[in-house]
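Trainee: Sharing a sequence plus its predicted fold:
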Amino acid sequence: MSTSHRIVRVIIAENPPKRLDKAIARDVPEEANLSRSRLAKLIAEGAVTMGGQVMDDPRGKLAEGDELEIRVPEANESHIGPEDIPLDIVYEDDDLIVVNKPAGMVVHPAPGTPTGTLVNALLHHFGGNLSGVGGEKRPGIVHRIDKDTSGLLVVAKSDAAHHGLAKQFEAHSAERHYLAVTHGAPDQADPRLGGIKGTSFEKGNILKITTQLARHKTDRQRQAVLFSGGRHAVTRARILESFGTPAQAALIECWLETGRTHQIRVHMSHAGHGLIGDPTYGGRRKLNVKVVGPEAVEAARAFPRQALHAATLGFVHPVSGEKLSFEAPIPDDMLALIETLRAG
């Protein structure tokens, strides 16, 4: 365990929240780069004191003018092992890294996938040159994409970057655009879409899907669309190219107003336009062989993953303040699918 600490001093401002954890989160200096979850952990560890007395009850009360000290230990070595796995690095500086994740790679180790993840690969890439996030020398994951979704991810290399990026993703100010191949085409001319709760169209034939999302009651690996409870979710989508007449499939661009688990996949399924290759939400739809031909039908049937790619990522650099934007080209497997659909 690390024995070195830095001291963060907090002075409680007027009208403090009724709970100690919320009051500290509100008034901790911005430059301390301590997230709510990190502060909660430090309170539980007895790292917060006032006048020499440990303040470890998150429900405790504070008054205006109270002065607290937080002993923030230096980052410990991560328990996750580095692995020499190739990375497609789009951008990197001292604070963050942007990578183009291949389909099939899990972002963070979990009981089912303890190795071979993006975090394992990043730890090897950094080679110990990592200031630490949340008390450990580990990359700071501020957003994720599914194992079988390809595309862009930004990862923090320090608490300062992690804190600044997390705030942008929480505020939904980061720009994220995806490319997907769907069954059918989400067109305003389709009267069926007008009868689906939560769907509407905006100018320019842009489909807007607004629902709540929550874990499915019986299948905990799935998300379910709700209209009360759950978490607010908004997806927009527009057709870039449709395939067949009538349209059997479409290349669409999706962008997120919120970022929920499986959001695009479950929302497009709700609209009746599940992603080709999606084993969870894609349904059992098949393309019409008379419209697109046998090769396109087989390419769609055999596509081994959800046809979804995180193509564009934009955010404000959390340290320099510079506006950054990145694009990742559509991967070869989706490109081959699109070309076969186009040829049909």
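Mentor: Great, that's in hand.

Trainee: which residues does V316 form a beta bridge with?
Mentor: K323 (DSSP bridges).

Trainee: List the residues that contact it.
Mentor: 164, 168, 173, 322-324 (C-beta atoms under 8 Å, 6 or more residues apart in numbering). All C-beta spots, glycine's among them, are computed from the backbone N, C-alpha and C.

Trainee: Flag every buried residue along the lengthiest strand in the chain.
Mentor: When the chain is parsed with DSSP state E, its longest strand is strand 231-243. By neighbour count with 16 or more other C-beta atoms under 10 Å, strand 231-243 contains the buried residues 233-239, 242-243.

Trainee: which other helices and strands contact that strand?
Mentor: Under the contact criterion of 3 or more C-beta pairs under 8 Å, 6 or more residues apart in numbering; DSSP states H and E, strand 231-243 touches strand 206-215, strand 249-256, helix 263-270, helix 332-343.

Trainee: among these, which is the most enclosed?
Mentor: Mean neighbours per residue, mean count of other C-beta atoms under 10 Å, is largest over the helices and strands packed on strand 231-243 for helix 263-270, with a mean of 25.

Trainee: What is it packed up against?
Mentor: strand 175-183, strand 206-215, strand 223-226, strand 231-243, strand 249-256.

Trainee: And the third one, what does it pack against?
Mentor: I take that to be strand 223-226. Counting by 3+ C-beta pairs under 8 Å, 6+ apart, strand 223-226 packs on strand 206-215, helix 263-270.

Trainee: Contacts for that strand, please.
Mentor: With contact meaning C-beta under 8 Å, 6+ apart, strand 223-226 is reached by 198, 211-217, 230, 260-263, 266-267, 270.

Trainee: tell me the two of the contacts of V316 that are most distant?
Mentor: Greatest spatial distance among the contacts of V316 (C-beta to C-beta): S173 and E322, at 14.7 Å.

Trainee: okay, those two: which has more neighbours?
Mentor: Taking other C-beta atoms under 10 Å, S173 and E322 do not tie; S173 has more neighbours (11 against 8).

Trainee: hang on, that one in a helix?
Mentor: No. According to DSSP: H, G, I helix; E, B strand; the rest coil, S173 belongs to no helix; its state is coil.
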